[in-house]
Structure formats: C-alpha cells, structure tokens
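Asker: The following comprises the amino acid sequence and a computationally predicted model.
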Amino acid sequence: MTKKQKLVSLLLCACMLLGTSALAQTTELASDTLLATVGEDSITWADIQNSYNGYVASYGAYYDMTQQSNIDLFRAVALDNIVTETVMMQKAKEFGLDQLTEEEIASAQATADADWDSALQSYLSYYYSDMTSDAPQEERTAALAEAEAYYNDAGYSLEILRTNYVRYAIFNKVEQMMLQDVVVTDEDV
C-alpha cells in the first residue's frame, strides 16, 4: 500500500470515529445541527436525513424505532456513510478525479435509469401481479404513480438516483487509484 493510500485510509477511519459520537443525542435534531466536520466541509442533520430515512424505510421494520438506541444506530450508519463519501469526494478533487467525461456521465445515468425502471417494475410485479398489458391505461398509470410515490417516500427518485450514480462513478475512480498498486498474493489470503 502506498503512502497516499495509507493516508486516505487513515483519514477515512478517523472521520468515521469522530462522526458517530455526534449522534448520541436526543430523538429530535434540528436540520442545522452540526454532526461532523471533515476538512472544510460541515455535515449537518439535513445532510444525512435522507440517508437516515432511506435506512429506516429499508431496515426499520426489523428494529424498534421507538428506542433511542436504534435511532442512534441508524443515525450513526447514515453519518458514517456521508462522512466516507465526503472524504472520498475531497480526495477525488485533490487528485483531479472528480471530473467525468460526458460518456462516463451518460453511462452512470443510463445505469441509474435502468435500475429505476427495474425498481418500478419490481414494485408493480409484486403489488399488481394480476395486472396485464390489456389493463386500461389509467390503471397502469395509477399503479406506476403509486410505485414512484412509494420510492419517493423512501427518499428515492430518478433524479436522486442519477446524481448518486454519477457520484459513485467518481468514487470508483478514487477506489481504482487507491488500489492500483495493491497486489494480493496467495500468501496474503
């Protein structure tokens, strides 16, 4: 592992540890509550709230979300992810990896579009398995609107997905840079 890779890894770990302690607070947080500072970037409750809501929508049924310890757990995970993404984006800018070509952006957005369509179709096939292509257009349109509303309520939309996939493409560039000289031998395994 190169010196640069070790430094990035150390910064990621330090930011994660510092950020999680900021969340052990009361149940209600103001949107401008400062949770962490990563370099020059401040992370507030507003910055992580969508991520938190997404985790609650996806996994909250498995936890008693009236217990403060579970709320704190979900907040800590959301904060940890945003801190990691913030460090990754700072490193992307530092190493000039934050600029994507038009082709890279189009590819990321096409993948987001396909995944969005797949999610909507999954919803429809689960909740409207008896709906056929012969169903009136009004029914199909209403079912599709319901599917979109379901994902919107969970904090997702096509626009958010497209933005995230473009960010992930940048993060992948950082990851590739960090791992470019890493060789894992059979002995290491």
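Answerer: Sure thing, it's come through.

Asker: Just the endpoints, please. Distance across stretch 182-189?
Answerer: Start-to-end span of stretch 182-189 (Cα to Cα, to the nearest Å) is 13 Å.

Asker: what about that stretch, distance to the chain center?
Answerer: Mean-position distance between stretch 182-189 and its chain equals 30 Å (Cα atoms, centre = their mean, to the nearest Å).

Asker: Now the residue sitting furthest away from the middle of the chain, what are its backbone angles?
Answerer: Centroid-distance maximum for the chain: Asp134 at 37.2 Å, with Cα atoms, centre = their mean. Backbone torsions for Asp134, taken as degrees, to the nearest 10, come to phi -80, psi -10.

Asker: cool, and the one 4 residues further on?
Answerer: Listed backbone geometry of Glu138 is phi -60, psi -40, with angles given as degrees, to the nearest 10.

Asker: To what extent is it buried, counted in neighbours?
Answerer: Using other Cβ atoms under 10 Å, Glu138 has 8 neighbouring residues. (Each C-beta comes from the backbone N, C-alpha and C, glycine too.)

Asker: How about Ser133?
Answerer: Neighbour tally, Ser133, other Cβ under 10 Å: 5.

Asker: Counting by contacts, list what the helix or strand where Tyr165 lies packs against.
Answerer: Assigned by DSSP states H and E, Tyr165 belongs to helix 158-179. Packing partners of helix 158-179 (3 or more Cβ pairs under 8 Å, 6 or more residues apart in numbering; DSSP states H and E): helix 3-20, helix 68-94, helix 102-127.

Asker: what does that helix rub up against?
Answerer: 4-5, 8-9, 50, 85, 88-89, 91-92, 95, 97-98, 100, 104-105, 107-109, 111-113, 115-116 (Cβ atoms under 8 Å, 6 or more residues apart in numbering).

Asker: mind listing what's buried in it?
Answerer: Judged by neighbour count (16 or more other Cβ atoms under 10 Å), helix 158-179 contains these buried residues: 158, 160-162, 165-171, 173-174, 177-178.

Asker: again with stretch 52-70
Answerer: Here stretch 52-70 shows Tyr52, Asn53, Gly54, Tyr55, Val56, Asn70 as buried, counting by 16+ other Cβ under 10 Å.

Asker: any idea how far it is from the chain center?
Answerer: Worked out by Cα atoms, centre = their mean, stretch 52-70 lies 16 Å from the chain centre.

Asker: contact partners of that stretch?
Answerer: Residues contacting stretch 52-70 (Cβ under 8 Å, 6+ apart): Thr26, Thr27, Ile71, Leu73, Phe74, Arg75, Val77, Ala78, Asp153, Ala154, Gly155, Tyr156.
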